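1. what follows is a predicted structure for the sequence shown.
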Amino acid sequence: MAALALRSVLLFVRDKHVAASFYQQGLGLSVIAETPVSLHLRPESQPAGPSIVLQQIDDSEACLSVGYSPLINWEVADFDTTLYKLLELGAKMDGAVRYLPGGKSAALRAPDGHMFGLWEPDAAT
């Protein structure tokens, strides 16, 4: 029996190309595959492993309803630059930046309504 492994995270979106542009410009994700109804993205620094799948849904408002789940967390090297870039691209803050032991974090909502977090660990001392 094979070990359990995460394959992908599926996000329902109204326009797969608009959503992909947000993740490409804001987080540096690259499109690794495309179907007529979906785009698969992955960080350039992660050539293998799980991907984000943007599944275009045109006529089902129920499928497009989002809350606080799923929440995708991203570790970034330059928190401030990434945060401001995402805000310029239409993300909305969900609370303040939090300064925690070990680093800082923020919760945001993408233009399609999906929640995601940014985390930058403290520099090693």
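-> That came through, no problem. This structure is a prediction, so every number in the text was calculated from the model and none was measured.
2. flag the shaky bits of the chain, pLDDT-wise.
-> Low-confidence segments of the chain, defined by pLDDT under 70: 1-4, 68-69, 124-125.
3. what segments of it are helices?
-> 16-27, 61-64, 79-88 (DSSP state H).
4. where along the protein do the strands fall?
-> 8-13, 29-35, 38-43, 51-56, 71-75, 92-93, 98-100, 103-109, 115-121 (DSSP state E).
5. tell me which of these approaches Leu86 most closely.
-> Among these, strand 103-109 comes nearest to Leu86, with 6.1 Å by C-beta to C-beta. C-beta here means a position set from N, CA and C on the backbone, and glycine is covered the same way.
6. list the pairing partners of that closest one within its sheet, with orientation.
-> Strand pairing for strand 103-109, determined by DSSP bridges: strand 92-93 (antiparallel), strand 98-100 (antiparallel), strand 115-121 (antiparallel).
7. which of those is buried the deepest?
-> strand 115-121 (a mean of 18; mean count of other C-beta atoms under 10 Å).
8. and that one, how far from the chain's centre?
-> Offset of strand 115-121 from its chain centre (C-alpha atoms, centre = their mean, to the nearest Å): 9 Å.
9. pretty sure Trp74 sits against Gly117.
-> Yes: counting by C-beta atoms under 8 Å, Gly117 is a contact partner of Trp74 at 6.9 Å.
10. burial count for Ala48?
-> A count of nearby residues for Ala48, using other C-beta atoms under 10 Å, gives 7.
11. again, but for Val9
-> Residues contacting Val9 under the criterion other C-beta under 10 Å number 14.
12. gap between Asp94 and Leu83?
-> Distance from Asp94 to Leu83, counting by C-beta to C-beta, to the nearest Å: 12 Å.
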